[in-house]
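Undergrad: Mind folding the following:
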Amino acid sequence: MSSQFLLPDLGEGLNEAEIVSWLVAPGDMIAIDQVVVEVESAKSVVELPSPYAGRVERLHGNVGDIIQKGSPLITVASDLPVAVGTDAPDVVPGTALRDAEPVTGSGAVLVGYGTTESTVRLKRPEGGRFGRRATEPAPAIAGTLLDPERHSPVVSPLVRMQAKQHGIDATQLAGTGPGSLVLRSDVDVAIAALESSLANTAPTSAPVALAGDERIPMSGMRKLIAQRLSTSRSTIPEATIWLDVDATELFAAKDRLQRSTGERFGLTALLARFVVAGLAEYPILNSSVDGAAGEIIRHGSIGLGLAAQTSRGLMVPVIHDAGSLTTRQLRDRVAEVVAHSEKGDYPAAQLSGGTFTLNNYGAFGVDGSTPIINYPEVAMLGIGRMIDRPWVVDGELAVRKVVTLSFVFDHRVCDGDVASGFLTFVARCVEEPLTLLSTV
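TA: Down below sits the predicted model:
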């Protein structure tokens with residue numbers, strides 16, 4: 001008997017996903033809960049465990065294919081009684097196990113699938129979950145970093161994707177993590193060695209030439225970003241205002257706060273505190289627009305989004321109910337967002353529910369921007385780089401820390417007086433921060 005594993009409900013209203021990599025091949029014997037495929041939705045990269053056990057008959061798609069929710073991913077022949085286990089006895093095709101150990105069912109429950117499909121152990125695929133599959137010949141890398149006989153574990157789908165994009169089989173690397181686990185740094189070293197090797201073998205006199213046009217499909221996170229930005233730009237009549245602000249006292253206040261508490265406070269956390277206070281003064285900016293009903297929805301809770309550039313693209317993780325948090329609590333939540341920014345492995349719940357976005361593009365070395373509003377929000381505050389600039393203080397020229405604040409807003413929701421009031425409120429907090437930061 002054959003069973004089809006269909007693409008399950010990935011939540012958040014997502015109806016499709018892209019196949020990132022197959023972890024099994026036709027003919028493999030698999031067990032319940034064994035991860036068989038990695039897919040990328042608009043939210044995240046997900047490893048999907050099989051709710052069935054048996055022999056893989058067919059893979060319903062290639063890497064890069066888009067699969068719709070409810071469409072088949074893999075067909076499994078379940079004519080052999082099977083179950084989960086790492087010490088499973090060998091199974092000879094066409095024979096059953098006599099003294100099989102029963103299990104209660106799958107532990108990795110997927111929407112639309114039960115948990116009692118099979119009750120007997122099955123031989124694990126050769127090499128275990130991280131077993132090496134037949135792949136294209138690996139590129140020659142200086143220093144023989146790749147070993148075809150090596151079977152190193154690779155847990156992170158992002159690490160596997162990064163290696164694959166450069167034609168490298170990550171399982172052939174000597175991992176430096178626990179248990180020889182391959183880390184992102186290991187892949188970075190291999191990529192650098194590969195690029196160095198290619199550079200050394202390339203003709204030095206060869207002219208530089210483009211290889212021709214390349215079509216790059218927009219999928220997963222990039223497709224979602226494109227859709228939201230296009231919707232925002234075509235829907236919202238946005239306007240942008242900006243203001244240069246003396247941030248010298250903000251740096252001094254941060255240092256005094258750290259000395260008095262013995263704790264570290266970053267500038268982003270302090271700016272987040274100012275934004276939350278500004279939204280309390282100008283709550284109409286914490287809104288969204290219901291175009292069909294012709295109504296402005298003013299939200300009672302602040303979902304403060306922090307624009308983050310990750311390896312998966314631009315993401316806006318949200319600090320929920322930010323208005324109820326102290327400065328110290330905001331700091332801790334900001335730190336959590338920063339900790340996940342490199343991999344972009346935010347839970348789906350943290351990528352929804354935003355009502356206002358803070359965008360610190362000064363980290364990219366620019367002073368200002370006219371960013372696109374994070375639809376369906378109605379405003380965004382941008383922070384430029386903070387640098388030493390000449391500034392007039394009490395009639396005298398001085399060198400001060402100066403930052404450019406830019407504010408983009410939906411003109412349907414408010415006029416320039418409200419937008420200017422919010423921006424100047426935040427500017428005053430930057431210039432005189434101790435009043436607002438007297439309690440943390």
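Undergrad: how far away is D417 from Q68?
TA: From D417 over to Q68 the distance is 48 Å, taken as Cβ to Cβ, to the nearest Å. C-betas here are computed from N, CA, C, even on glycine.
Undergrad: got it, and V76?
TA: As judged by Cβ to Cβ, V76 and Q68 stand 20 Å apart.
Undergrad: now do D321
TA: Taking Cβ to Cβ, one finds D321 at 35 Å from Q68.
Undergrad: who has more neighbours, the two?
TA: Using other Cβ atoms under 10 Å, the more surrounded residue of D321 and Q68 is D321, with 14 against 10.
Undergrad: for the closest residue to H60 other than its chain neighbours, what are its contacts?
TA: Excluding its sequence neighbours, the residue lying closest to H60 (Cβ to Cβ, 6 or more residues apart in numbering) is P72, at 4.4 Å. Applying Cβ atoms under 8 Å, 6 or more residues apart in numbering, we find P72 in contact with Q4, F5, L6, L7, H60.
Undergrad: And P72, what's its pLDDT?
TA: What the model reports as pLDDT for P72 is 91.
Undergrad: Report the beta-bridge partner residues of it.
TA: Judged by DSSP bridges, the bridge partners of P72 are L6.
Undergrad: pLDDT score for P49?
TA: P49 carries a pLDDT value of 89.
Undergrad: Dihedrals phi and psi, it?
TA: Main-chain dihedrals, P49, degrees, to the nearest 10: phi -90, psi 150.
Undergrad: from what I can see it touches A31, true?
TA: No: between P49 and A31 there is no contact under Cβ atoms under 8 Å: 9.4 Å.
Undergrad: Tell me which of those two has more neighbours.
TA: Neighbour count, other Cβ under 10 Å: between P49 and A31, A31 has more, with 25 against 20.
Undergrad: So that one versus G179, what's the distance?
TA: Taking Cβ to Cβ, one finds A31 at 21 Å from G179.
Undergrad: what's the spacing between A339 and V189?
TA: According to Cβ to Cβ, A339 stands 23 Å off from V189.
Undergrad: May I have the longest strand anywhere in the chain as CSV, with CA atoms only?
TA: Ranked by residue count and defined by DSSP state E, the top strand of the chain is strand 396-410. What follows is strand 396-410 as a C-alpha-only set of coordinates in CSV (Å, rounded to 0.1, in the frame of the first residue of the first chain):
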residue,chain,number,x,y,z
GLU,A,396,29.6,78.9,19.2
LEU,A,397,30.7,76.3,16.6
ALA,A,398,31.3,72.9,18.2
VAL,A,399,31.8,69.3,17.1
ARG,A,400,28.7,67.2,18.0
LYS,A,401,27.3,63.8,17.4
VAL,A,402,24.6,64.4,14.8
VAL,A,403,22.0,62.1,13.3
THR,A,404,19.4,62.5,10.6
LEU,A,405,15.9,61.3,11.5
SER,A,406,13.6,60.7,8.6
PHE,A,407,9.9,60.0,8.9
VAL,A,408,7.6,58.6,6.2
PHE,A,409,3.8,58.6,6.8
ASP,A,410,0.5,57.7,5.1
